[in-house]
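A.B. asks: Sequence and computational prediction follow.
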Amino acid sequence: MVSIRCKMVVKEAFKELGLHYVTVNLGEVNVLEEITPKQREKLKVILLRSKLELIDDKKAILIESIKNVIIEMVHYADDLPKTNFSDYLSKKLGYNYTYLANIFSETQGTTIEHFIIMHKIERVKELIIYDELNLSEIAYKLHYSSVSHLSHQFKKITGLTPTYFKTLKNKKLNLLENL
């Protein structure tokens, strides 16, 4: 999983520079000591080797924080929050949702809602591929109001129904078995 790999890379970079961290989360590191400009430049170089970047701009940091909260919420949390996403993001990041939504749309060219939907559909694909849950269970797990709502959104984003997507996965598996 990308986030675990990214965290490992960041931890190794800090270790390589002799810097001590308290926590490493997606998009942020809590450091015990002050980082010198020279260490900061070395850190940028080390991270770039792994296609990661050090973000200094406050607005860019906030955008990354929004993305990270959504990704963690949709992909890594056992259950999505019971509150609506706008309240969850506001509480988690400590900003008014309208402010977060405006900054996100202005810089990303899409809405937070669309970003969440895209990630939820990616999560639906994963769950269909894992084949541990049926569509009703997936809809419930991801807080869709119904299987119909999930299916409609899935088709709108992918152009396929969830059932057809599953048959494609099964066809691919059958082809691999025949190798």
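C.D. replies: Happy to help now that I have it.

A.B. asks: What does the pLDDT read for the residue nearest to Glu113 when sequence neighbours are not counted?
C.D. replies: Closest residue to Glu113 apart from its sequence neighbours, by Cβ to Cβ, 6 or more residues apart in numbering: Phe85 at 7.6 Å. Quick note: C-beta positions are derived from backbone N, CA and C, even for glycine. Predicted confidence (pLDDT) for Phe85: 89.

A.B. asks: residues touching Phe85, list them.
C.D. replies: Residues near Phe85 by Cβ atoms under 8 Å, 6 or more residues apart in numbering: Ile70, Met73, Ile112, Glu113, Ile116.

A.B. asks: tell me the domain boundaries of the chain?
C.D. replies: Here the domain parsing of the chain from automatic domain parsing is 1-54, 57-179.

A.B. asks: could you pull out the helices for the protein?
C.D. replies: 2-16, 37-49, 58-71, 85-93, 97-108, 112-130, 135-141, 147-158, 162-177 (DSSP state H).

A.B. asks: same for the fifth one, what does it pack against?
C.D. replies: Taking 3 or more Cβ pairs under 8 Å, 6 or more residues apart in numbering; DSSP states H and E as the contact definition, the neighbouring helices and strands of helix 97-108 are helix 58-71, helix 85-93, helix 112-130.

A.B. asks: Which one, of the ones you listed, ends up nearest to Lys15?
C.D. replies: Checking the helices and strands packed on helix 97-108 against Lys15 by Cβ to Cβ gives helix 58-71 as the closest, at 22.0 Å.

A.B. asks: Was I right to think Glu53 contacts Lys44?
C.D. replies: Yes - judged on Cβ atoms under 8 Å, Glu53 makes contact with Lys44 at a distance of 7.3 Å.

A.B. asks: With neighbour numbers in mind, choose between those two.
C.D. replies: Lys44 (14 against 11; other Cβ atoms under 10 Å).

A.B. asks: can you list the weak-confidence ranges in this structure?
C.D. replies: 1-2, 26, 170-179 (pLDDT under 70).
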